[in-house]
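Structure here, sequence nowhere to be found:
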């Protein structure tokens, strides 16, 4: 990676900037940054590890930006941080040894369900609503599950967290997005630690993309706070559907991929 040209590093910076912007609003920034790293010549595990190293700067910046405006209180998130860290650490350790085939089969259906929930619920996320779980059991269940998913696989984690905060805790979309950034940073940081310890992080592209992530996340968080649900909801739906399309397209053995091929043929 020491042979990366300035042109390639420039494109990686742009990928980090764009990914940080999108990720701070709706999640899914890895859709841009991971393919950019693969195109730069990194192997899949190195690309995932390097993306985590840079993405944690974006999620941290977004977290601080939202917290300063009072949309999330970090003291109330201690159990979310603890459980998400544990889940992400387990997922990151396992992904280095196990295949993620089951994830690629199930995730498109869950992402479509998330998109439909936000798309056809016109009042969803506009105001706080009744919660169905208290926060501690919520953070135990979803922190471990989504932390594991983010460490093991990753695509759509932000959409799943936003959906959980809105549907289960009754948060409005801006509040859900702010809280999502806290757990996103936690899982990114946990994954980064274990990937770095295993020697998978490529530091030069990670540093370049981290600068882009910092700038993009700050801009994205401010945009979300300015426009609220009017920008967060369409971006969540769009990102969820794009991730679904990419997962299905990239995996010929996926159930939806085979079904689409059968219908078109």
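Yep, that arrived. All of these numbers come straight from a predicted model, not from anything done at the bench.

correct me, but residue 189 touches residue 55?
No. Applying Cβ atoms under 8 Å as the test, residue 189 and residue 55 come out as separate, 9.6 Å apart. Heads up, the C-betas are built off the backbone N, CA and C, glycines and all.

Mind checking which of those two has more residues around it?
Summary of the neighbour comparison: residue 189 and residue 55, criterion other Cβ atoms under 10 Å, with residue 55 having more neighbours (31 against 19).

Thought residue 29 was touching that one, still the case?
Yes. Under the criterion of Cβ under 8 Å, residue 55 makes contact with residue 29 at 6.6 Å.

which residues do those two both contact?
Contact criterion Cβ atoms under 8 Å, 6 or more residues apart in numbering; residues shared by residue 55 and residue 29: 19-20, 23, 213.

Now for those: which two are most distant?
For these, the maximum inter-member distance is 8.0 Å, found between 23 and 213 (Cβ to Cβ).

Which residue of those two possesses the greater neighbour count?
Summary of the neighbour comparison: residue 23 and residue 213, criterion other Cβ under 10 Å, with residue 213 having more neighbours (34 against 31).

Surely that one is in contact with residue 22?
No. When contacts are counted by Cβ under 8 Å, residue 213 is not listed as touching residue 22 (10.8 Å).

can you list residues touching both of these two?
Taking Cβ under 8 Å, 6+ apart as the contact rule, residue 213 and residue 22 both touch residue 29.

To what extent is residue 132 buried, counted in neighbours?
Residues within reach of residue 132, counting by other Cβ under 10 Å, total 10.

Can you give me the distance of the residue nearest to it when sequence neighbours are not counted to residue 73?
Residue nearest to residue 132 in three dimensions, not counting chain neighbours: residue 168, with 5.3 Å by Cβ to Cβ, 6 or more residues apart in numbering. According to Cβ to Cβ, to the nearest Å, residue 168 and residue 73 sit 19 Å apart.

Who has more neighbours out of these two?
The residue with more neighbours, out of residue 168 and residue 73, is residue 168; 15 against 11, by other Cβ under 10 Å.

Can you give me every residue that contacts that one?
Going by Cβ under 8 Å, 6+ apart, the list of residues near residue 168 reads 131-133, 138, 142.

Recalculate using a threshold of 10 Å.
Contacts for residue 168 were tallied using Cβ atoms under 10 Å, 6 or more residues apart in numbering; they are 131-133, 137-138, 141-142.

Check residue 217 too.
If you count contacts by Cβ under 10 Å, 6+ apart, residue 217 has them with 16-17, 19-25, 29, 55, 57-65, 181.

Just the element for it, please.
Remark: residue 217 resides in helix 203-227, with elements defined by DSSP states H and E.

after that helix, next one along is what?
In the C-terminal direction, the helix or strand that comes right after helix 203-227 (DSSP H and E) is helix 229-250.

helices and strands around that following helix, which ones?
Secondary-structure packing of helix 229-250 (3 or more Cβ pairs under 10 Å, 6 or more residues apart in numbering; DSSP states H and E): helix 6-26, helix 30-39, helix 101-120, helix 157-167, helix 173-197, helix 203-227, helix 255-264.

and these, which one's lowest on average pLDDT?
Looking over those, mean pLDDT reaches its minimum on helix 101-120, with a mean of 73.

Give me the helices and strands touching that one, please.
For helix 101-120, the contact count by 3+ Cβ pairs under 10 Å, 6+ apart identifies helix 135-152, helix 157-167, helix 229-250, helix 255-264 as packing neighbours.

Out of these, which is the most enclosed?
helix 157-167 (a mean of 25; mean count of other Cβ atoms under 10 Å).

Next, the angle helix 30-39 makes with it.
Angular relation of helix 157-167 and helix 30-39 on a 0 to 180 degree scale: 170 degrees, by axes from the mean of the first three to the mean of the last three Cα atoms, to 10 degrees.

and helix 157-167, what other elements does it pack with?
Packed on helix 157-167, when contacts are counted by 3+ Cβ pairs under 10 Å, 6+ apart, are helix 6-26, helix 78-95, helix 101-120, helix 135-152, helix 173-197, helix 229-250.

tell me how far it is from the chain's mean position?
On the basis of Cα atoms, centre = their mean, to the nearest Å, helix 157-167 sits 10 Å off its chain's mean C-alpha point.
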